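# Have a look; sequence and predicted model below, questions after that.
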Amino acid sequence: MVKKTYPIIAREGWPFLIVSIAISAFVFNICALWSIPLWIISLFILQFFRDPKREAPSKKNIVVSAADGKVIVIEKCKDNYLNRPAIKVSVFMNVFNVHSNKSPAKSTVMNKWYFPGKFLNAALSKASLENERCALHLRTKEGFDITCVQIAGLIARRILCYVNKGEVLDVGERYGFIRFGSRVDLFLPINSKIKVSLGEKVFNSETIIAELKK
């Protein structure tokens, strides 16, 4: 098993948490009752930016989930990024899911695209084409191509992607974050064997989404 360790609270959340706690503590010193809603907000921020340690399976030719959430799409379609037929598996993250994104496979970043766009509800199918998004073309050493797309949502207004073309990622390696509700699409080779079902709850790095087959 490959073990990945991260801060208990994602670094992207530290500024929000510090400010929220400081304001809550300030109001608490004035009036404890008034501070209750602020402490609730602080707790929400704390849970939103959690980034738990996960273990990635060591099996070959597998794709793990890049995000925590619920599988909302499994369909054959065209991967417009690589101009090929593919199987799309989409995972929707609500505000209570972990929003840290992890690499779905041990791979090299072949290309990266960023598209400004709208902020529609990420659960809608047209969000894949119309919302702000950042896509990575990943290639495994066995030659399998995977397209991994971070998509902003109705509330999410910031996509963070920390890798660039030419970088090598381990399976389950942290590469990005999306703030406040969003979606990740995986475009997989057309003959991939899908291992999840619609409505299933999945976890980044741990849940096997598919097996890649020649």
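Arrived safely. Note that the coordinates shown come from a computational prediction; the quantities given were computed from them, not determined experimentally.

# what residues are up against residue 135?
Contact analysis of residue 135 by CB atoms under 8 Å, 6 or more residues apart in numbering lists 81, 112, 113, 114, 115, 147, 148, 149, 150. Glycine gets a C-beta too; all of them are placed from N, C-alpha and C.

# How far does stretch 166-186 sit from its chain's centre?
5 Å (CA atoms, centre = their mean, to the nearest Å).

# Point out where this structure drops to low pLDDT.
Within the chain, the segments meeting pLDDT under 70 span 1-7, 117-130, 153-157, 180-181.

# domains of it?
The chain is divided into the following domains under automatic domain parsing: 11-48, 60-211.

# For residue 54, find the nearest of those domains.
Comparison of the domains of the chain against residue 54 by CB to CB identifies domain 60-211 as nearest, at 3.8 Å.

# still on that earlier bit, show the buried residues in the contacts of residue 135.
Buried members of the contacts of residue 135, scored by 16 or more other CB atoms under 10 Å, are 81, 147, 148, 149, 150.

# mind listing which of those residues are in strands?
Applying DSSP state E to the buried ones among the contacts of residue 135, the entries found in strands are 147, 148, 149, 150.

# Could you dump the residues you listed into CSV with distance to residue 194 added?
Listed next are those as CSV, based on distance: CB to CB, whole Å:
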residue, distance to residue 194
147, 16
148, 16
149, 17
150, 21
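
# ok, those vs residue 68, which is closest?
Relative to residue 68, the closest of these is residue 150; by CB to CB it sits at 13.4 Å.

# pretty sure residue 101 contacts residue 172?
No: the pair residue 101 / residue 172 is not scored as a contact, 10.7 Å apart, by CB atoms under 8 Å.

# thinking again about what came up before, will you turn the contacts of residue 135 into a markdown table that also has distance to residue 14?
Converted to a markdown table, the contacts of residue 135 look like this (distance: CB to CB, whole Å):
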| residue | distance to residue 14 |
| --- | --- |
| 81 | 33 |
| 112 | 26 |
| 113 | 29 |
| 114 | 24 |
| 115 | 28 |
| 147 | 31 |
| 148 | 26 |
| 149 | 27 |
| 150 | 21 |
